[in-house]
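> pasted the sequence and its predicted model underneath.
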Amino acid sequence: MSSSHINALFNPRPPLEYLPPYHTQVGKKRKTGYTGVGQYTSLFESKEEQDANLAAFKPIEQRKERRERIAAERKDQAEAKLEAAAIEWDPSKYTFEADSYKTAFVGRLSFLTDEHKLKREMEQYGPVKSVSLVYDKNTAKPRGYGFVEFEHERDMKTAYKHADGRKIDGRRILVDVERGRTVKGWKPRKIGGGLGSSRKTRPKKTKQEKAEARRAEQIAAAREKAAAAARREPPRDDRGRGGGSSKGGDY
């Protein structure tokens with residue numbers, strides 16, 4: 001960069017162009033006078049129109065209200081669907097070759113358990129006539145339950161008493177009688193029946209309630225831990241400390 005360019009950076013700006021003053025006086029803004037509102041009273045809504053507008057008014061739905069409304073609608077649809085399925089349910093339409101009083105229901109099975117493994121485990125309670133597992137129609141994968149038919153009814157009762165809670169392939173099974181044909185008015189789980197409680201609606205907790213519950217659990221666990229430590233600690237013998245003597249004599 002040359003010295004001329006550097007000098008141009010520090011040169012003052014040219015003076016402003018001179019303009020003659022404006023001699024004509026600017027007129028003041030004309031103010032409008034004050035008027036009443038009587039001429040606009042005819043535009044106000046009447047008492048009847050106000051009541052009609054209030055009746056037709058719909059407040060803006062908040063996010064929480066929208067979620068509650070959608071949940072209620074889905075719940076009503078599910079209940080209506082279950083009621084319709086319960087009305088159409090008729091176990092007499094299905095044909096079964098197995099004897100219902102010799103058949104045991106086995107649930108909570110591992111997906112790795114097959115008919116041969118289940119038959120070998122159930123044969124400990126008596127001769128097994130047939131074993132049938134339930135598979136998904138679309139994926140052909142096991143659904144985790146099946147039915148075991150014994151040769152004698154007493155063997156089925158023995159399995160019902162002693163096989164419940166047994167571990168097969170790392171999972172504790174559930175053994176029950178076949179209630180579909182032996183219990184009057186029995187409904188399967190898919191239409192709202194069954195004995196399980198995992199699909200029952202539970203009240204949802206807010207984040208604050210969940211945090212308070214976790215805090216209470218932590219406090220209770222800490223108290224139990226401190227009490228267990230206090231029980232394990234042996235009692236201290238403070239004799240001989242302080243001014244007295246441990247041998248019990250005066251010197």
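Looks like it came in fine. Numbering: from 1, shown residues only.

> tell me where the model's unsure across the stretch 151-251 of the chain.
Across the stretch 151-251 of the chain, the ranges flagged by pLDDT under 70 are 196-203, 234-251.

> change it to 50
243-251 (pLDDT under 50).

> mind listing the helices for it?
153-162, 179-182, 207-232 (DSSP state H, counting those that start in this stretch).

> Lys47 is nearest to which of those helices?
helix 207-232 (45.4 Å; C-beta to C-beta). C-beta here means a position set from N, CA and C on the backbone, and glycine is covered the same way.

> now the helices of the stretch 151-251 of the chain in JSON lines, with mean neighbour count?
Formatted as JSON lines, the helices of the stretch 151-251 of the chain follow (neighbours: other C-beta atoms under 10 Å):
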{"stretch": "helix 153-162", "mean neighbour count": "17"}
{"stretch": "helix 179-182", "mean neighbour count": "15"}
{"stretch": "helix 207-232", "mean neighbour count": "10"}
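
> quick one: the ones you listed as a markdown table, columns for distance to Val128 too.
Output for the helices of the stretch 151-251 of the chain, formatted as a markdown table (distance: least, C-beta to C-beta, whole Å):
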| stretch | distance to Val128 |
| --- | --- |
| helix 153-162 | 8 |
| helix 179-182 | 19 |
| helix 207-232 | 45 |
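
> for Gly107, find the nearest of those.
Between the helices of the stretch 151-251 of the chain, helix 179-182 lies closest to Gly107; by C-beta to C-beta that is 11.7 Å.

> show me the contact partners of that closest one.
With contact meaning C-beta atoms under 8 Å, 6 or more residues apart in numbering, helix 179-182 is reached by Pro91, Phe96, Ser100, Tyr101, Phe105, Trp186, Pro188.

> among these, which lie within strands?
Residues from the contacts of helix 179-182 lying in strands, with DSSP state E as the criterion: Phe105.

> can you select the buried ones from the contacts of helix 179-182 in PyMOL?
PyMOL command restricting the contacts of helix 179-182 to the buried ones, with burial defined by 16 or more other C-beta atoms under 10 Å:
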select buried, resi 100+105
